[in-house]
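Student: sharing a model that was predicted from the sequence below.
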Amino acid sequence: MNFSPTPRRPLLRMALSLACAGLAVPALAQGTDYPNKPVTVYTAFAVGSGPDAVLRLVANRLAQQWKQSVTVDNRPGGGGFIAIEAVRRAPPDGHSLVQLDSEHLAALPSLYPSRHLETLKAFDPVAPLFRTPFMVAVSAQSPWKNVSDLLAAAKAKPGSVSYGSWGVGSPGHLGAEWLEMLTGVEMVHAPYKEVSQLYTSVANGDVGWSFASIPSSQGVYKAGKLRYLAVAAPKRIPQLPEVPTVAEAGGTAALDVNSFVSLLAPKGVPAAVRAKIHADVLKVLAEPEVRERFNTFAFEPLNWSVEEILKQADTKATQYQALIKKANISLD
């Protein structure tokens, strides 16, 4: 859709240092003539998904600010590599950006070691977008009333409880691996290619449970076929205040399963351009109408600095490396 302008740790630390230096130039950012031609934002998410919907809203607002068209180009699939490769060799002038989630930043290098791609070696984060929590979802007919019941069933018969996810290495998969590690249970992973198929299978009882974001599962949930046992977060979310946290539902307080999404640019984009994109995106995210739209998806708009994006990616990379190694996961 075209929006017209009318009404690893050492690597991350190095990237952090460069980002700090780059963003300490607001005067230069104000003076840049960026953008001086149309901007394309590639995304690893499918048309109609929650991340796609909010990106289009942000793109529309940026087009109005920049007086240039901002086009969203969806390149889903391939574990994110299709979108990544579409942008990686683009001219480093800020007119080609990519929307990726934290797993693309922090898990891909461990999941695909033979590809020798360090996402944060090829790209610089330029602006945060949002963070989303994940719910523990079961069939409305499931005998499990809380997370304690689910874990008790898994402990009673190791390997008898199955869980679905939207792919190997996804937050839904790695989050469940983390739950297993924290609680000592053994469960069976069933990856799906289609998100809609996943939640239909959970609703039908084909798999015992799955992590779920609100936008991806709300259709089945609103139809009364899915039940949320808990939110895998430190506190309840305002969109579903009646749903307890995992800790409140008899699980472990250490489990916090979320994903954050940000915009990145190929390495080499001038610091002033990166600073301008960051400032202008944060201006959009502060608009009440934009925040309300994000709220409908339970997406938390972020006002992170680039330094904070890198810090959060570093934390997730450490966690994912341990989980991937323990579970012997490889997508090569």
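Tutor: Thanks, I have the structure now.
Student: A strand includes residue 41, no?
Tutor: Yes - assessed by DSSP: H, G, I helix; E, B strand; the rest coil, residue 41 belongs to a strand.
Student: once you drop chain neighbours, what's closest to it?
Tutor: residue 97 (4.7 Å; CB to CB, 6 or more residues apart in numbering). In this view, the C-beta of every residue, glycine as well, is placed from N, C-alpha and C.
Student: hmm, what's the outermost residue in the protein?
Tutor: residue 156 (33.2 Å; CA atoms, centre = their mean).
Student: picking that back up, and the residue nearest to residue 41, how many neighbours?
Tutor: Residue 97 is flanked by 25 other residues according to other CB atoms under 10 Å.
Student: so how far is residue 244 from it?
Tutor: Counting by CB to CB, to the nearest Å, the separation of residue 97 from residue 244 is 38 Å.
Student: let's see the longest helix anywhere in the chain as PDB, backbone CA atoms only.
Tutor: In terms of residue count, the longest helix belonging to the chain (DSSP state H) is helix 306-327. Taking Å, rounded to 0.1, in the frame of the first residue of the first chain, the C-alpha atoms of helix 306-327 are listed here in PDB:
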ATOM      1  CA  VAL A 306      18.200   3.100  20.000                       C
ATOM      2  CA  GLU A 307      20.400   2.300  23.000                       C
ATOM      3  CA  GLU A 308      17.400   0.600  24.700                       C
ATOM      4  CA  ILE A 309      16.500  -1.400  21.600                       C
ATOM      5  CA  LEU A 310      20.000  -2.800  21.500                       C
ATOM      6  CA  LYS A 311      20.000  -3.500  25.300                       C
ATOM      7  CA  GLN A 312      16.700  -5.400  25.000                       C
ATOM      8  CA  ALA A 313      17.900  -7.300  22.000                       C
ATOM      9  CA  ASP A 314      21.100  -8.200  23.900                       C
ATOM     10  CA  THR A 315      19.000  -9.600  26.800                       C
ATOM     11  CA  LYS A 316      16.900 -11.700  24.500                       C
ATOM     12  CA  ALA A 317      19.900 -13.000  22.500                       C
ATOM     13  CA  THR A 318      21.500 -14.300  25.700                       C
ATOM     14  CA  GLN A 319      18.200 -16.000  26.700                       C
ATOM     15  CA  TYR A 320      17.600 -17.500  23.200                       C
ATOM     16  CA  GLN A 321      21.100 -18.800  22.800                       C
ATOM     17  CA  ALA A 322      20.700 -20.800  26.000                       C
ATOM     18  CA  LEU A 323      17.300 -22.100  25.000                       C
ATOM     19  CA  ILE A 324      18.300 -23.000  21.500                       C
ATOM     20  CA  LYS A 325      21.400 -24.800  22.700                       C
ATOM     21  CA  LYS A 326      19.500 -26.700  25.400                       C
ATOM     22  CA  ALA A 327      16.800 -27.800  23.000                       C
END
